[in-house]
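Asker: 3D model of this:
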Amino acid sequence: MGRIRKQWRSWATGAIVALATTGVAWAFFYSYHARSVSDPERSRQAGRPIPVRTADAQQKDLEEVVGGTTLTAASQSYEVRIPPSQALFSVSGPAGQLAVKNIYVHEGQFVHAGDVILELDDPGFAEVLKARQMAEQAAKAELAEVEQAVKLKQRIRELDLQSAIEQIKYRTEDLANKASAEKIFTSLLESHSSSILEFYKVRSDYLQAKYDLAEAKRNLQRTQDAAKYGLLHDAALLAKAVSDYEGAKAFLTQTQQDFRRLKITATINGFISYDNRPEIIRGATLSIADTLMHVVMFNPVRVHVDFPQERIDMARLGQEADLVLDSWPQEVFKGVVAQITPQVTPQTRTGSVWLMVDNPDNRIKPGISGFARIKIKRKALVVPETAIREHGTKAVVFCLEQGKAKAREVKTGPILETGLREIRSGLTPGEQVIIFEGFYRHAGSLTTKNGYLQDGDAVDASWRQWTRRD
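Answerer: Take a look at the predicted model:
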């Protein structure tokens, strides 16, 4: 019984050794066969197409995240200054003319647009304002008087012209009557029916009527000329009165604006900031050139992002961003790209991108650092990274064209997390590119005769068959 067991063990051991030897031989044969089938040199020597794997160039919707350090800033900032004016104060005017009468705010206080921040006082301003009000009223009254006088004088000229015309009509008829009488008395004198004295009396009346008509015509001409001159004169008087009134009104308006400038108001909603300047006190004299304080708005808050220069062409207005600030490391704020500056800073190799972040309760203050992740959604043409061979500044892919491998230069973009590489030019969607596998001999060479592929090599893209995966 013991001998049988020993024989069985010897037989089993021999069988195992035989099976193992067969397995090794089969694996060696399969590996040798696969190597023989896939080796480019052997395929060329045998006149066979080189077996390759391919992939399609695909148009994909990509979503990437680009991060950068950030710094918060006010979305708006308004410098509070004393507004200059040509009427009373100017930049070159003495600072002692203006003094703080009342101040209604303190640093950190929130103000609304239109709120009075401080009130100034100027000695003698009330007298200047009163004088200009009186000057405006006088110019207005003078204008009304001139306008009324122009109307009356025009009416007088019209009546004079009508009277002159009627006078000519009357003198024309009177001359005709006197001429008829003169003819009659001439005939009577010739027939001795009238005395010589009567004839001379009628003759004198005729000559007087003739003179009166000529004088009436000259009076009409004078009236017409006077009317034309009167129109010009009245126009000049009216223009001067209008100019005087408009000038007085402009001076008054300017002075009234100066009066309103004495009460300085906020132009935006925001917080009062002195920017490390001493606070203004009542009675202080001010210069128009001074910045008194700032009104800063940070709802929404503006956030500067240091955007990597190699990705700057991917930044677009309206892209969404997640923002984590050092003051609240466990909280994520949402922002939107609102501005992209056109320059890159050489020292930091970054471009400036600005986010707008809603800040309704004004929690986020200017000057807080943090980190932003901008979500970039775009379409891109992609191929597997293993399909691209790079030499210096050039990148080449092999395209499958009618059973042959054709080398083509392409311009590439960044490597994506999915193992794909963006192709920016050189390919169109749907074209097949050859994937390079690392186990091939000389896989990195594109130019030598021993390279994995040469431009124009015949290839076999039915990889599932030659790898026996169908």
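
Asker: wait, isn't residue 357 in contact with residue 303?
Answerer: Yes: between residue 357 and residue 303 there is a contact under C-beta atoms under 8 Å: 5.7 Å. For glycine as for every other residue, the C-beta is placed from the backbone atoms N, C-alpha and C.

Asker: more crowded one of these two?
Answerer: A count of neighbours by other C-beta atoms under 10 Å puts residue 303 above the other of residue 357 and residue 303, at 28 against 23.

Asker: Excluding chain neighbours, what is closest to the more buried one?
Answerer: residue 355 (4.1 Å; C-beta to C-beta, 6 or more residues apart in numbering).

Asker: Assess the claim that residue 188 and residue 196 are in contact.
Answerer: No: judged on C-beta under 8 Å, residue 188 makes no contact with residue 196 at a distance of 10.7 Å.

Asker: more neighbours, these two?
Answerer: residue 188 (15 against 9).

Asker: Using the three-state scheme, assign the nearest residue to residue 121 once chain neighbours are set aside.
Answerer: Once flanking residues are discounted, residue 121 sits nearest to residue 101: 4.0 Å by C-beta to C-beta, 6+ apart. With DSSP: H, G, I helix; E, B strand; the rest coil as the basis, residue 101 sits in strand.

Asker: Can you list the low-confidence ranges for this structure?
Answerer: Residues of the chain meeting the criterion pLDDT under 70: 1-47, 85-97, 123-124, 417, 437-452, 463-470.

Asker: just to revisit the earlier point, residues near the residue nearest to residue 121, how many?
Answerer: For residue 101, the neighbour count with other C-beta under 10 Å is 14.

Asker: Contacts only, for it.
Answerer: The contact partners of residue 101, taken as C-beta atoms under 8 Å, 6 or more residues apart in numbering, are 118, 119, 120, 121, 262, 282.

Asker: quick one: which of the residues you listed sit in strands?
Answerer: Among these, DSSP state E puts 118, 119, 120, 121 in strands.

Asker: how close does the last one get to residue 103?
Answerer: Same thing as residue 121. In this view, residue 121 and residue 103 are 12 Å apart by C-beta to C-beta, to the nearest Å.

Asker: Neighbour count: those two, which is higher?
Answerer: Neighbours per residue, other C-beta under 10 Å: of residue 121 and residue 103, the larger number sits with residue 103, 20 against 13.

Asker: how close does the more buried one sit to residue 282?
Answerer: Going from residue 103 to residue 282 by C-beta to C-beta gives 6 Å.

Asker: Which parts of the stretch 201-350 of the chain are strands?
Answerer: In the stretch 201-350 of the chain, the strands defined using DSSP state E, counting those that start in this stretch lie at 263-265, 270-273, 293-297, 301-308, 320-325, 328-345, 350-357.

Asker: Which strands or helices does the second one pack on?
Answerer: Counting contacts by 3 or more C-beta pairs under 8 Å, 6 or more residues apart in numbering; DSSP states H and E, strand 270-273 packs against strand 76-80, strand 110-111, strand 293-297.

Asker: so which of those strands gets nearest residue 169?
Answerer: When these are compared by C-beta to C-beta, strand 76-80 sits nearest residue 169, at 77.6 Å.
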